[in-house]
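1. Quick one, fold the following:
(chains A and B)
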Protein chains: 2
Amino acid sequence: MTTSVTTAVLERAWVAGAVRDEVVVEVDGDTLVRVEPGGSAPGAERVRGLTLPGLANCHSHAFHRALRGRTQRERGTFWTWREQMYDLAGRLDPDGYLRLATAVYAEMVAAGFTTVGEFHYLHHQPDGTPYDDPHEMAHALAEAARAAGIRLVLLDTCYVSSGFGEPVEGVQRRYSDGDADRWAERFATLPGKTTGAAIHSVRAVPADQVATVAAAATGRPLHVHLSEQVAENDACLAAHGVTPTRLLHDAGVLGPLTSAVHATHLTDDDVTLLGSTRTTTCLCPTTERDLGDGIGPGRALAAAGSPLSLGTDSHAVVDPWEEMRALELDERLATRQRGHWTAAELLAAGARHDSLGLADVGAIAPGQRADLVTLALDTPTTAGTGADEHTAVWAATAADVRRVVRDGRVVFDGDRDAVGRALAAAIEEVWS
Amino acid sequence: MTTSVTTAVLERAWVAGAVRDEVVVEVDGDTLVRVEPGGSAPGAERVRGLTLPGLANCHSHAFHRALRGRTQRERGTFWTWREQMYDLAGRLDPDGYLRLATAVYAEMVAAGFTTVGEFHYLHHQPDGTPYDDPHEMAHALAEAARAAGIRLVLLDTCYVSSGFGEPVEGVQRRYSDGDADRWAERFATLPGKTTGAAIHSVRAVPADQVATVAAAATGRPLHVHLSEQVAENDACLAAHGVTPTRLLHDAGVLGPLTSAVHATHLTDDDVTLLGSTRTTTCLCPTTERDLGDGIGPGRALAAAGSPLSLGTDSHAVVDPWEEMRALELDERLATRQRGHWTAAELLAAGARHDSLGLADVGAIAPGQRADLVTLALDTPTTAGTGADEHTAVWAATAADVRRVVRDGRVVFDGDRDAVGRALAAAIEEVWS
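-> As a prediction, the model looks like this:
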């Protein structure tokens, strides 16, 4: 095993919308310069299995991973889950978050993600006082991503209200810069090319401040939680007389660099607005199952013109293959029909990076970054399933990933035990 | 690693409804004779991880595993999926089915199942002629189970009509004994204590023959596909003026040894009938997702008195942990509430063996068979999730199973590669 890839022969690989055999790839630095199906490269390493482009985890709250298995003890709702999440949010400092996020990002890499969009709002000290460096938590996340080998797109999140004009309270003080202007001042000083912005939700940013965030984010990715819960829609209608989607549209938020996360409970008008503005819909099916959000109108949004992306959000599950198929499976449950999405469409959604502002990631093609995820084809889950894109989408699990290359460098070589040990240590520290 | 267990110390284990530490177990032959939490046994093997009772796969069509990943190519319905399944059903002979089922049962064991209820209707040669030994296919399944190390409960299935009085056609001729009387004659000659019977469905057994099957099955498990599809309900109402549940009830089929498989589309009266007769509801959530069946009223059935069991049915997924949590997660999607089932309830459903006629399997307790399934607690999926029943139900996957003991004998030691290779070979043979 080399730590960087130069020339290799991929036994099977997803190239230009089809699985091809014996694909020769050449990498110059971090970029693919040759992709030749049916080629030969004497002496080059041969990579057994099915190789896919690197997958994008477009919606992550890294610290939620520490909640997995721990929030199911009582019957409840999204809102009781949120109380437990807030308890956790109060416990983290930059050093602890560095260790936790490093382990969580390593789990993502081992599952096949090469990029994460981190929807980051844990900005300040627990009482709301900024750290000496106001980006200290963001730096911890960047360092975690470097250590884990994942590409980070930090989505710096504006969160200044506990709901429709109410002041922040409790742990929410960590999240708040006071108002959108002060958030924008801090955002302007954030270093790094691969950053974007986020409006937490129409609950957390007052309607008259939403446009400030959008203006500050001009030219960068802008993400927003949208209509995950019916209660949010009801409160927005009561406060403003419009749906959250309409509110965002009227504030100039929607557009091709914007992602609406969840988009579960929408009116027909909302679907039209998101589609006609080419706003990406970022679905997080396994979290939406876990939180009982409901089944969003994914297919209708795509038909209206909204490109689709996927995220693991709360990390109840970190498995891009499960996320891809869950989108189709939950539409089947809602409609009692199969075949809403083809495997190729689901794979495209999983590999889409442009909603994170990255145009050169997400395909095995010359000029693209060398992100290569290889699945074993002879495991108990994948064996006998056709060895093509259907294997990836309908059979594979995170445990079937054997190797992950990002920017030409091997960032996962199959050692899942090491990933588990780091997670165990980091999460024990959080709860001790 | 020994091949049989005598005395061992389980680091953590699910005993009498709670996870306990350092559980000493002693096995005499195939039976647990001592289960002592917090005990000591100097020199005994220590089993790291979380040990659960053996899980029961109460609804299996083993050959469907060869369809995984291969039936998603075209948009369609349950009924178009069935056409592909019929193509497969026509290809199998006893030798090929032996090899396929051996590999499929090995996948089940590696996932944590120690028992399978095989809903078996592939009785005869493709043109409907019985094999020289009319139980040749059943013998192949029994041999497969022995080779794979799983406990088989064969549910010999009566299937004599293509639907409400229509004769069988095409590959269905393999399934049919002609009528229920001739099925019962064959069933009476089937050797083996651990056999039960099945009525394929109210489509496949005429209403006036249903009672014949029930009578032949007296004292044994009796399973039946029930109301998986709305179309079945509509046809039953048109033919008989009653729902399938009411038809089965009036024929004397329902009761504590009977399992209604799926039970997806029910009236309130149906729920009451299944609950008041203590008929088990066997849910197969991952198949019900895959086939777009819908979300059945699992919680309402349990509240009405119906015990719950689980099965992997079409084997789109073979993962008892995913099956347990899918039951809860899909109820969340249907209701937008969390907490319908506790982890303990879901684990109890997964471990229930009495709907397969087995009273001495499914708990880690003295007098029970020594079926012990051990999960690793430090994998990327399970690490940091609490190391208790919530880890098993909310985090674990089949890939986290490290050891499976059945009847005191180690039947899986963690070698997933061998399982994958056998599946690949057997399925390639089927489709070549």
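2. Tell me if the lowest-mean-pLDDT helix or strand in chain A is near chain B.
-> The least trusted helix or strand in chain A, going by mean pLDDT, DSSP states H and E, turns out to be helix A:78-89, with a mean of 87. Yes - legend: contact between helix A:78-89 and chain B by CB under 8 Å from any CB of the partner chain is shown at A:78, A:80-81. Where you see a C-beta, it was placed from the backbone N, CA and C, and this is true even at glycine.
3. now for the helix or strand just after that helix, which elements pack on it?
-> Next helix or strand after helix A:78-89 toward the C-terminus (DSSP states H and E): helix A:94-111. Counting contacts by 3 or more CB pairs under 8 Å, 6 or more residues apart in numbering or on different chains; DSSP states H and E, helix A:94-111 packs against helix A:136-148, strand A:401-406, strand A:409-412, helix A:416-431.
4. mind listing what residue A:68 touches?
-> Taking CB atoms under 8 Å, 6 or more residues apart in numbering or on different chains, we find residue A:68 in contact with A:315-316, B:384-385, B:394-395.
5. Pick the one among those closest to residue B:356.
-> residue B:394 (25.8 Å; CB to CB).
6. element containing the residue lying closest to residue A:11 once chain neighbours are set aside, please.
-> Of all residues not flanking residue A:11 in the chain, residue A:48 sits nearest, at 5.0 Å (CB to CB, 6 or more residues apart in numbering or on different chains). Under the criterion of DSSP H and E, residue A:48 resides in strand A:45-53.
7. Now find how far off-centre that strand is within its chain.
-> Here the centre of strand A:45-53 is set off from its chain's centre by 24 Å, with CA atoms, centre = their mean, to the nearest Å.
8. Could you do stretch A:381-389 as well?
-> 26 Å.
9. ok, now stretch A:18-25?
-> Its chain's average C-alpha position is 27 Å from that of stretch A:18-25, according to CA atoms, centre = their mean.
10. ok, back up a step: a markdown table please, covering the contacts of residue A:68 and showing secondary structure and neighbour count.
-> Compiled in a markdown table, the contacts of residue A:68 are given as follows (DSSP: H, G, I helix; E, B strand; the rest coil; neighbours: other CB atoms under 10 Å in any protein chain shown):
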| residue | secondary structure | neighbour count |
| --- | --- | --- |
| A:315 | coil | 25 |
| A:316 | coil | 24 |
| B:384 | coil | 30 |
| B:385 | coil | 26 |
| B:394 | helix | 25 |
| B:395 | coil | 27 |
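11. pLDDT added to the residues you listed, as a markdown table?
-> Shown next, in a markdown table, are these (pLDDT from 0 to 100):
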| residue | pLDDT |
| --- | --- |
| A:315 | 98 |
| A:316 | 97 |
| B:384 | 97 |
| B:385 | 97 |
| B:394 | 97 |
| B:395 | 98 |
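12. returning to that earlier point: list the contacts for the residue nearest to residue A:11?
-> Neighbours of residue A:48 in contact, by CB under 8 Å, 6+ apart: A:11, A:374, A:376-377.
13. again, but for residue A:176
-> The contact partners of residue A:176, by CB under 8 Å, 6+ apart, come to A:123-124, A:128, A:159-161, A:168.
14. which bits of the stretch 101-250 of chain A sit near chain B?
-> Counting by CB under 8 Å from any CB, the stretch 101-250 of chain A comes close to chain B at A:107, A:110-111, A:230.
15. Counting neighbours, which of those comes out on top?
-> In terms of neighbours by other CB atoms under 10 Å in any protein chain shown, those top out with residue A:111 at 29 neighbours.
16. Against residue B:112, how distant is the nearest residue to it once chain neighbours are set aside?
-> The shortest distance from residue A:111 to any non-neighbouring residue, by CB to CB, 6+ apart, is to residue A:398 (3.7 Å). Between residue A:398 and residue B:112 the distance is 18 Å, computed by CB to CB, to the nearest Å.
17. try residue A:223
-> With CB to CB as the criterion, residue A:223 and residue B:112 are 38 Å apart.
18. Model confidence for residue A:97, exactly?
-> The model reports residue A:97 with a pLDDT of 97.
19. That one: how many residues sit nearby?
-> Neighbours of residue A:97 (other CB under 10 Å): 23.
20. Count the neighbours of the closest residue to it other than its chain neighbours for me.
-> Closest residue to residue A:97 apart from its sequence neighbours, by CB to CB, 6+ apart: residue A:140 at 4.9 Å. Neighbourhood size, residue A:140 [other CB under 10 Å]: 25.
21. residues contacting residue A:140?
-> A:94-95, A:97-98, A:101.
22. and which of those is nearest to residue B:321?
-> Sorting the contacts of residue A:140 by distance to residue B:321 puts residue A:101 at the head of the list, at 26.2 Å, by CB to CB.
23. Distance check, the closest residue to that closest one other than its chain neighbours against residue A:425.
-> Closest residue in space to residue A:101, ignoring its immediate chain neighbours: residue A:144 at 3.6 Å, by CB to CB, 6+ apart. To residue A:425, residue A:144 is 14 Å away according to CB to CB.
24. Settle it for me: which of these two has more neighbours?
-> More crowded of residue A:144 and residue A:425, by other CB under 10 Å: residue A:144, with 25 against 15.
25. So the more buried one sits against residue A:105, correct?
-> Yes - Residue A:144 is in contact with residue A:105 according to CB atoms under 8 Å; the separation is 5.5 Å.
26. so what sits against both of those two?
-> Taking CB under 8 Å, 6+ apart as the criterion, residue A:144 and residue A:105 both touch residue A:62.
27. neighbours around residue A:209, how many?
-> Neighbours of residue A:209 under the rule other CB under 10 Å: 19.
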